[in-house]
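Engineer: Next comes the sequence, and after it the predicted model I'd like to discuss.
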There are 2 protein chains.
Amino acid sequence: MKQAHHPELDEISLTAVMAALSDPIRVGLVRLLADGREHGWGELRAPVAKSTLSHHLRVLRDAGITRTRQEGTRCFVVLRRDDLETRFPGLLVAVLAAAECDGVGGQVGLAAHAE
Amino acid sequence: MKQAHHPELDEISLTAVMAALSDPIRVGLVRLLADGREHGWGELRAPVAKSTLSHHLRVLRDAGITRTRQEGTRCFVVLRRDDLETRFPGLLVAVLAAAECDGVGGQVGLAAHAE
DNA sequence: CCAGTTGTTCGATGTTCGTCAAACTACGAA
DNA sequence: TTCGTAGTTTGACGAACATCGAACAACTGG
């Protein structure tokens, strides 16, 4: 499990961000992460196989939307809210609001237990 | 040339909009249309075949981002700015600003002549 | 009616994407 | 070391996509 690459601020491309946010599951994940807290992989509940979830998390990470941290065998993911805001002001907020309004990503949830 | 279908306000889905805006050429087209004016098909200059351009214009139309009007053999396209603003407030503005900032879609231009 | 202009539609092709199962890696506990 | 947990990588598959050239349809002008 090598440490993953995270794009720098100026390496974040708009089309990559848009493409990453054009999948309902990934939008759902971003909505969960929008609380600003760090979430464990195991908390995330999505109707896909774990390899698929890993794939989605990778797409989000590669697009510069999230940051992944490892701690032992667990890994934690957090939204790069400030970075996104710096790079593309207002974009994330607008997408988040639009997702609420549209109900996209409702299929994604959090496990019952608290962190 | 049958009249194309345009989605109603509440038929516009976020993922469709995001997917449509994840292609540099389509972002470039939207940037051109951001002046609010109606543009003729023939004005649009993009480094793709005309069938491909037609395809992109259709994706934008199907996503509810643009509206196409026919007049004889010509057709004109305009941004559905107000509709988008109503459905997803702030989204289009943020994407447009981000596109400026990122320089996406610079390959798309307008023909020299005025309308 | 015939030819030119304008844009759409139709295969065809190569690429990317979402998805899964299975194999793999890394760490912690017994 | 051996087992189990946590997450990644790989390989495969069908679906969707971007792209093109060519055929087609609709209108306009001789």
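Structural biologist: Nice, I can see it. Being a predicted model, the structure only gives us computed values, none of them experimental. Residues are numbered from 1 along each chain as shown, chains lettered A, B, ... in the order given.

Engineer: Need the contact partners of stretch A:85-103.
Structural biologist: Outside stretch A:85-103, the residues that touch it by C-beta atoms under 8 Å, 6 or more residues apart in numbering or on different chains are A:9-10, A:12, A:14, A:17, A:21, A:27, A:30-31, A:34, A:64, A:81, A:84, A:105, B:13-14, B:17-18, B:87-91, B:93-95, B:97-98, B:101-102. C-beta coordinates here come from the backbone N, C-alpha and C atoms, glycine included.

Engineer: which of the residues you listed are buried?
Structural biologist: Among the contacts of stretch A:85-103, those scoring as buried are A:12, A:14, A:17, A:21, A:27, A:30-31, A:34, A:64, A:81, A:84, A:105, B:13-14, B:17-18, B:87-88, B:90-91, B:93-95, B:98, B:102 (criterion: 16 or more other C-beta atoms under 10 Å in any protein chain shown).

Engineer: Near chain B, which residues of chain A? Just list them.
Structural biologist: Contact residues, chain A versus chain B (C-beta under 8 Å from any C-beta of the partner chain): A:13-15, A:17-19, A:21-24, A:27, A:87-91, A:93-95, A:97-99, A:101-102, A:104.

Engineer: same thing but at 6 Å, please
Structural biologist: A:14-15, A:18-19, A:21-22, A:24, A:88, A:90-91, A:94, A:98-99, A:102, A:104 (C-beta under 6 Å from any C-beta of the partner chain).

Engineer: If we check DNA strand D, which of the residues you listed are in contact?
Structural biologist: Among the residues of chain A next to chain B, no residue lies close to DNA strand D (C-beta under 7 Å from any atom of the strand).

Engineer: Among those residues, which pair sits farthest apart?
Structural biologist: A:24 and A:90 (22.3 Å; C-beta to C-beta).

Engineer: Can you tell me which of the residues of chain A next to chain B end up in helices?
Structural biologist: A:14-15, A:18-19, A:24, A:91, A:94, A:98-99, A:102 (DSSP state H).

Engineer: got the contact list for residue A:105?
Structural biologist: A:24, A:27-28, A:31, A:99 (C-beta atoms under 6 Å, 6 or more residues apart in numbering or on different chains).

Engineer: Give me the distance between it and residue A:99.
Structural biologist: To residue A:99, residue A:105 is 6 Å away according to C-beta to C-beta, to the nearest Å.

Engineer: and if you look at residue A:74?
Structural biologist: Noted for residue A:74: a distance of 27 Å to residue A:99, by C-beta to C-beta.

Engineer: show me where pLDDT drops low in chain A?
Structural biologist: Applying pLDDT under 70 to chain A flags the ranges A:1-3, A:112-115.

Engineer: Can you name the residues of chain A that neighbour DNA strand C?
Structural biologist: Contacts of chain A with DNA strand C, taken as C-beta under 7 Å from any atom of the strand, map to A:1-2, A:19, A:22-23, A:25-26, A:47-52, A:55-56, A:59, A:72-73.

Engineer: circling back to that earlier point, more neighbours: which of residue A:74 and residue A:99?
Structural biologist: More crowded of residue A:74 and residue A:99, by other C-beta atoms under 10 Å in any protein chain shown: residue A:99, with 23 against 10.

Engineer: So the nearest residue to residue A:111 once chain neighbours are set aside versus DNA strand C, what's the distance?
Structural biologist: In space, and not counting its chain neighbours, residue A:111 is closest to residue A:43: 4.8 Å by C-beta to C-beta, 6 or more residues apart in numbering or on different chains. According to C-beta to the nearest atom of the strand, to the nearest Å, residue A:43 and DNA strand C sit 18 Å apart.
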